[in-house]
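1. got a structure for you, letters missing:
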């Protein structure tokens, strides 16, 4: 998995590509933790390039969401589609996270 | 020990070969140049020797020629009475010890008008001077026909006859020097007769035969016809000519050589002498008689000194090379010995023994440095291996403990099949193949009461010890709460609430929990984020339509909903975790849901254990040896209906 | 001394042999040769040494020839019973009144040659006109003189002795030579065949048979079987010599050493081989040992034409063929 971050309209956009599983989840958690420590608490995660997400991945999303919540931050997911969307649906994650069709939509929603 | 002495051998080979080569070339050159110097010297020696011999022979012969010539000139210029003639001839013999006999032979009627032939002859006999007349002593062939008479007569000059055996017996080889003398009658010069002087070849052949060159070298004398006059081959003397020997030996080159010799040429050649010895020969003519004198130097004897010198040099060189080899071996050994000990130590170290003492190298050269570095390396390696061993041991302990944990975990799941042989209304089969690492899948089933049978499948997020612990907690909670609460939504909600307490690490599990009311075939179920089970009924195979529900654990207030499904006898509910559909092969292709559906449709349906084994086999076949990355868990329950 | 000892041994051996071979006393016979011992007479020496004459009832004494020995005289004065003579000699002597009879003809053709150096420019007989030609004395000059006469040339005759040195030294341009003897001597004096021009008399219509065995008519008459036996034994000796050349050469060499003659084995080998060519010519109808009437007449008439003889007896008389009838 590759993780890239960029700043857009006071918001950090995290682009994740590849597989999001038990192996790569710790990287994601570490990255987001750094962002939060650095004060970036408005985050949009772009799922467009993500091929697969496992339960460990889901847990990573939960962990970061919880941290953000404690800091009073926000996270939104964009471009959740395909098998990733199915996993979200089955596991009920779709009901607890805020998801947008595009990154722009997420950015708009956060602002 | 292979390669043990390879450096030594290489050094010895290279140095020995090189020095041997250098020595051999030097020796060869020395031999060659000594030989050519010797040959040059030999040629001049041979020339000097043969020319001095030729001179001695010539001196002896020239005395005779001069005397004979003198008599002839005297007879031409003076008028000699018979008595004066006799005195002249007799004095000639007396005064010249070289001369055996001398005579004057007249042409027919040249001495006297009355007698046809006249030829007085004086010769030595028993130390005295004897007299005979050749015109009467030659009984059958008149002197006119003898070579000594005919040759000078026909050629008009001094001639030495071809050597012949004296007619008077005795084994004396003779040669005659004869000179024509002339008179004038009415101004016309005419032949009056021949002055002939005989010598025995004895002294000449003795002179030539006495020459000893080295051990077996010799001198030889050939006549103008190539007749052998003096030679170590005694049988050939006066019997064989050089050409008859060539013919007998069928050697045309010998004949060519003979032709050069009798032609009066001078030469220095290398050839196989008549006695069969490889020799150098110098030959030169004796001008006055047209004979040939040859001196022969046996090559082997000539080269004896050079050969001996070369042999000694060879021995010295060989000893030198041996000494050099020994020195090279010594030095190479002293260099390679510590290397060898180091190599041996490395060998031992390679097998894991780092406790051995390294050989002590006191030298300060490269080998010494190497040995010191090696010591340091050994210590580092030893330390490193020690750490590694400890780490590995710790890891192995954890591994084995995890294995124990996995065994315990597996033993917690019901594994006795058929699980309820006394219950004919349904049958259930389940399996869980753990991945290598301890995981978080589990299933469970149990009676809540006699008519309500609870079965569930769950997947704890993540792997390892946290997942295992979480699974234990979840399983225990689920079972106890199911038996207490009896409804799937409440069971899930209650367990969720319990798990969510202090769940900072956001552990969660997906759970599908269902209760079969055996008497009616109604299944009540609730889902906490687990993938939907498959229903196999008379319609075929389909996904169970359900509300997803959020996973168990992260959020305390999650609400679940119980849904219902009526199972007809023969219907089957197939529960599984994503370990089935996400099983991968070597090229990372997923087993996938379509394959699962097909396998279920085409596989055995009647017996749930057979069904699960069939799916398991399909998954294994798909993996094709790829390692299993996730637990593979399946539960199948078939409703048989109540017995009437 | 050594030679004398050998000779003694030899005499003892020859004396002992016949006694052992036969009970009846051997008839003493003597043979006069043309020349000193050499392979030209190998057959007789071999037959003597191998006891062939003894086998035929004879005890032979060989009288060697050489300068000063005339086999005809030896025969005529009764010293020898048989003699080796050339056919030309025999015819001349017969014409001179000595009643010679041909007992056997061994050398069937002429072996005489006239040899010159190519460098002398002489190629043919005609080229010899006015040149110095070495000729042997006596009967041996008959064939070449007849040849010169036929070619109508005049040569400067130089008497030739028994060596070819005069020719080798350049004293004469042409030398007489026998194929089996002087020719080879010239070669082995270092002159190559290629340097020589050779005129063989046999190829010039002068093919006169040479060595034959002769006896006197009266000897034949007194003991006809003796001549027959002698001829047979001699021929047998020749056959043996040709079949065992090495042994024959040993015998000849021994004889030459005894006579203190220079002996040169390779020269004797050449001579023996040539004698085989002459006595038993290959591809010839002639019977070895037999004088053909044709040859006889050819020589007789040639001598007659040359004025050397006035007439010659008929073939039967000369060969003693009618001796049975006379008896």
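-> Structure's in. What do you need? Bear in mind the structure is a predicted one, so any value in this text is a computation, not a measurement.
2. in three-state terms, label residue C:66 for me.
-> coil (DSSP: H, G, I helix; E, B strand; the rest coil).
3. residues in contact with stretch B:12-23: which ones?
-> With contacts defined as CB atoms under 8 Å, 6 or more residues apart in numbering or on different chains, stretch B:12-23 is touched by B:317, B:320, B:321, B:324, B:325, B:328, B:329, B:332. C-beta coordinates here come from the backbone N, C-alpha and C atoms, glycine included.
4. same question, stretch B:153-160
-> By CB under 8 Å, 6+ apart, stretch B:153-160 touches B:61, B:65, B:68-69, B:148, B:151-152, B:175-180, B:191, B:194, B:224, B:288-290, C:132, C:158, C:166, C:169-172.
5. next one: stretch A:84-94
-> A:47, A:50-53, A:55, A:58, A:61, A:80, A:97, A:99, B:510, B:528-532, B:548-551, B:558.
6. which stretches of the stretch 101-250 of chain C form strands?
-> C:112-117, C:132-136, C:156-160, C:174-178, C:196-200, C:212-216 (DSSP state E, counting those that start in this stretch).
7. now the ones you listed in CSV, with mean neighbour count, distance to residue B:349 and mean pLDDT?
-> Shown next, in CSV, are the strands of the stretch 101-250 of chain C (neighbours: other CB atoms under 10 Å in any protein chain shown; distance: least, CB to CB, whole Å; pLDDT from 0 to 100):
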stretch, mean neighbour count, distance to residue B:349, mean pLDDT
strand C:112-117, 23, 100, 95
strand C:132-136, 22, 109, 94
strand C:156-160, 18, 110, 93
strand C:174-178, 25, 103, 95
strand C:196-200, 17, 98, 94
strand C:212-216, 24, 113, 94
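8. chain B against chain C: which residues are in contact?
-> By CB under 8 Å from any CB of the partner chain, the part of chain B that sits against chain C consists of B:139-141, B:144-147, B:150-151, B:153-155, B:159, B:161-162, B:165, B:169, B:171, B:224-226, B:238-245, B:247-248, B:255, B:258-259, B:262-263.
9. burial of the residue of the stretch 151-300 of chain C found nearest chain B, as a residue count?
-> Distances between the stretch 151-300 of chain C and chain B by CB to the nearest CB are smallest at residue C:171, namely 3.4 Å. Residue C:171 is flanked by 21 other residues according to other CB atoms under 10 Å in any protein chain shown.
10. which of the residues of chain B next to chain C fall within strands?
-> In this view, the residues of chain B next to chain C that belong to strands under DSSP state E are B:159, B:165.
11. buried ones among the residues of chain B next to chain C?
-> For the residues of chain B next to chain C, a burial check counting by 16 or more other CB atoms under 10 Å in any protein chain shown picks out B:141, B:144-147, B:150-151, B:153-154, B:159, B:161-162, B:224-226, B:238-245, B:247-248, B:255, B:258-259, B:262.
12. tell me the domain boundaries of chain B?
-> For chain B, automatic domain parsing gives the domain ranges B:352-411, B:413-639.
13. of those domains, which is nearest residue C:62?
-> domain B:352-411 (101.1 Å; CB to CB).
14. any idea of the mean pLDDT for the closest one?
-> Averaging pLDDT along domain B:352-411 gives 81.
15. please apply the same query to stretch B:176-187.
-> Mean predicted lDDT for stretch B:176-187 stands at 91.
16. got a list of contacts for it?
-> By CB under 8 Å, 6+ apart, stretch B:176-187 touches B:61, B:64-65, B:68-69, B:71-73, B:75-76, B:110, B:147-149, B:151-153, B:156-161, B:189-199.
17. got a PyMOL select line for the buried ones in these?
-> Buried subset of the contacts of stretch B:176-187, written as a PyMOL selection, criterion 16+ other CB under 10 Å:
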select buried, chain B and resi 61+64+65+68+69+71+72+75+110+147+148+149+151+152+153+158+159+160+161+191+192+193+194+195+196+197+198+199
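18. okay, and which of the contacts of stretch B:176-187 map to helices?
-> B:61, B:64-65, B:68-69, B:71-73, B:75-76, B:147-149, B:151-153 (DSSP state H).
19. out of these, who's nearest residue C:260?
-> residue B:147 (18.6 Å).
20. ok so, going back, list buried residues within the contacts of stretch A:84-94.
-> Applying 16+ other CB under 10 Å to the contacts of stretch A:84-94 flags A:47, A:50, A:52-53, A:55, A:58, A:61, A:80, A:97, A:99, B:510, B:528-532, B:548-551, B:558 as buried.
21. spit out the contact partners of the residue positioned nearest the centre of chain A.
-> In chain A, the residue lying closest to the centroid (CA atoms, centre = their mean) is residue A:45, at 3.6 Å. Counting by CB under 8 Å, 6+ apart, residue A:45 touches A:13, A:14, A:16, A:61, A:75, A:76, A:77, A:78.
22. what helix or strand does residue 36 sit in?
-> You didn't say which chain, so I picked chain A. According to DSSP states H and E, residue A:36 maps onto helix A:25-37.
23. you answered for a different chain; I wanted chain B.
-> helix B:6-77.
24. the buried ones among the contacts of stretch A:84-94 in strands, which ones?
-> Those of these lying in strands (DSSP E): A:50, A:52, A:53, A:99, B:510, B:528.
25. closest to chain C among those?
-> Nearest to chain C among those, with distances taken as CB to the nearest CB, is residue A:52, at 111.9 Å.
26. quick one: that closest one and residue A:83 touch, right?
-> Yes - at 6.6 Å, residue A:52 counts as touching residue A:83 under the criterion of CB atoms under 8 Å.
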